[in-house]
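K.L.:
what's the 3D shape of this:
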Amino acid sequence: MMEFIHVAVTVLSLLPLGRSAPVTSCENLIQPREIPGNQLLGKWILLAERTSIPGSKMLVQMLMENTWVNITAASEADTFNNLQIQKKMGKCFTLKTNMTLVNNTLTILHTYRLSGVLLNTGCPDCLVIYSNNTIGRIAVKALQLLSRRVKVSAAELEEFTKQAECLNLQPPAIMDSEKGLCPDPTLAPETKTTDVTADSISSDELSLLEKLLSSESGVKTLLDMIQRSMASFKQD
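P.N.:
The predicted structure follows:
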């Protein structure tokens with residue numbers, strides 16, 4: 001059950017410069033932009049996320065305190081290593097994935113498939129990623145705001161909110177990045193961290209996840225399941 005819970009929360013929190021001209025209209029706000037591979041490298045902090053899943057804001061904000069990712073170049077061309085560090089319910093978790101960059105599209109294959117593009121932004125050190133995720137037979141659209149900073153300005157956050165509205169996505173989940181990120185486990189090995197990279201779910205569990213994510217009432221049911229499991233996990 002805990003593997004199912006970790007996968008369920010992770011698919012709702014995943015994830016992926018320079019200054020652009022200010023963008024205000026929907027036509028400009030949802031315009032894909034070129035992805036400079038070398039500028040993807042380094043540490044990025046997830047500050048806000050919107051998805052097409054009903055009720056996802058409630059689920060993510062209650063369980064996911066914050067997330068950051070470190071992107072490094074892999075040995076293969078146009079391939080990157082992603083180390084994602086998540087703080088959930090006061091505990092630290094890591095997720096390792098590989099990402100490719102082909103024809104200005106970022107693709108990650110894990111328990112789910114994610115394909116994303118960068119959108120225009122006036123934020124000088126931000127990535128705005130619009131992605132299509134496949135969870136079993138469910139297609140989920142997501143918009144994520146990542147920055148080198150732990151907090152962006154009100155105007156930058158407002159621009160992101162407008163982008164999500166232009167894409168008809170759900171209200172945003174705002175991460176509490178100022179509260180304290182989990183440390184890099186390679187630099188702070190003494191920190192207790194759980195690696196969820198190998199976590200997987202069965203076909204029956206995937207079918208259940210599809211059903212739960214298809215409605216707001218289903219997401220509320222999933223939230224109840226996660227709360228019970230995490231409460232048990234905290235006691236262990």
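K.L.:
is it fair to say residue 207 lies in a helix?
P.N.:
Yes: when classified by DSSP: H, G, I helix; E, B strand; the rest coil, residue 207 is found to be part of a helix.
K.L.:
and the gap between it and residue 90?
P.N.:
Distance of residue 207 to residue 90, computed by Cβ to Cβ, to the nearest Å: 31 Å. C-beta here means a position set from N, CA and C on the backbone, and glycine is covered the same way.
K.L.:
next one: residue 80
P.N.:
As judged by Cβ to Cβ, residue 80 and residue 90 stand 29 Å apart.
K.L.:
looking at these two, which is more packed in?
P.N.:
residue 80 (20 against 8; other Cβ atoms under 10 Å).
K.L.:
now that one, nearest residue through space, not along the chain?
P.N.:
Computed as Cβ to Cβ, 6 or more residues apart in numbering, the closest residue to residue 80 that is not its neighbour in sequence is residue 99, at 4.5 Å.
K.L.:
buried stuff in the longest strand seen in the chain?
P.N.:
If you go by DSSP state E, the chain has its longest strand at strand 91-102. By neighbour count with 16 or more other Cβ atoms under 10 Å, strand 91-102 contains the buried residues 92-95, 97, 99-101.
K.L.:
next: stretch 140-158.
P.N.:
Result for stretch 140-158 [16+ other Cβ under 10 Å]: buried residues 140-147, 150, 152, 156-157.
K.L.:
so which of those residues sit within strands?
P.N.:
140-147.
K.L.:
flag the least confident of those.
P.N.:
Least confident by pLDDT among those: that is residue 140, with 81.
K.L.:
who does that one bridge with?
P.N.:
With DSSP bridges as the criterion, residue 140 is bridged to residue 133.
K.L.:
go on, residue 173?
P.N.:
Here residue 173, judged by DSSP bridges, has bridge partners residue 49.
K.L.:
number of nearby residues for it?
P.N.:
Neighbourhood size, residue 173 [other Cβ under 10 Å]: 20.
K.L.:
great, nothing more from me.
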